[in-house]
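Asker: the sequence and its predicted three-dimensional model are supplied below.
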Amino acid sequence: MLKMSISNPQIAIAGRVLEGETKNIIAGAMVKIIEMPEAFQTKLSLKALQYGSQWEKMFERPDRKITGNDGYFYFINLPTGEYLLETSLPANATRYSKVKTQVKVSDSINGKIPTTIIDDIIFSLT
């Protein structure tokens, strides 16, 4: 008998990126996880081996997200622990400063990861 299980991705961290003075939504911002628990680092190392030389050129990865037209981003299926996010706007790197945000992903409750919501990551003009 064939056993099958379907698992839905669980959003672990979600947030939105805004411009500091106007509070306008910023689409196309890159949000990267730059510090993470060892379990997630191991997962990334295995993915990097899988993708080879393409890995560094990829914009969307388990540790990198680009904000959508609504300014929102999310990371899924992250292990419990402390994370440091760095948000930048590659197209306007000289106009906006990078923003770093500390986030904690909590233990699962009844098999589900509680979503950590970051209210807003706000860019300021440099």
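Answerer: Cool, the structure landed.
Asker: rest of the way, CA atoms for contacts and neighbours
Answerer: OK.
Asker: now the residue most central in space within the chain: how far from R95?
Answerer: What sits nearest the mean C-alpha location of the chain, by Cα atoms, centre = their mean, is F75, with 4.5 Å. Separation of F75 from R95 (Cα to Cα, to the nearest Å): 26 Å.
Asker: let me know the pLDDT of T94.
Answerer: If you check T94, the pLDDT there is 69.
Asker: residue ranges with poor pLDDT in this protein?
Answerer: 1-9, 93-94, 125-126 (pLDDT under 70).
Asker: could you redo the last one with a cut-off of 80?
Answerer: Applying pLDDT under 80 to the chain picks out residues 1-9, 91-96, 108, 111-113, 119, 123-126.
Asker: where do the helices sit along it?
Answerer: With DSSP state H, the ranges of helices along the chain come out as 38-51.
Asker: thinking again about what came up before, residues near the closest residue to the residue nearest to the centre of the chain other than its chain neighbours, how many?
Answerer: With sequence-adjacent residues excluded and distances taken as Cα to Cα, 6 or more residues apart in numbering, F75 is closest to I13, at 5.2 Å. Applying other Cα atoms under 10 Å, we find 21 residues neighbouring I13.
Asker: and I13, how far is that from E60?
Answerer: Taken as Cα to Cα, the span from I13 to E60 is 15 Å.
Asker: re earlier: now do the contacts for the residue nearest to F75.
Answerer: For I13, the contacting residues are Y74, F75, I76, V105, T115, T116, I117, I118, by Cα atoms under 8 Å, 6 or more residues apart in numbering.
Asker: tabulate the residues you listed (CSV), appending distance to G52.
Answerer: CSV is the format used below for the contacts of I13 (distance: Cα to Cα, whole Å):
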residue, distance to G52
Y74, 24
F75, 22
I76, 22
V105, 28
T115, 31
T116, 31
I117, 32
I118, 32
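Asker: let me know the closest of those to P90.
Answerer: Y74 (18.4 Å; Cα to Cα).
Asker: report the beta-bridge partners for the closest residue to the closest one other than its chain neighbours.
Answerer: The spatial neighbour of Y74 that comes closest, neighbours along the chain excluded (Cα to Cα, 6+ apart), is A14 at 4.2 Å. A14 forms beta bridges with Y74, I117, as assigned by DSSP bridges.
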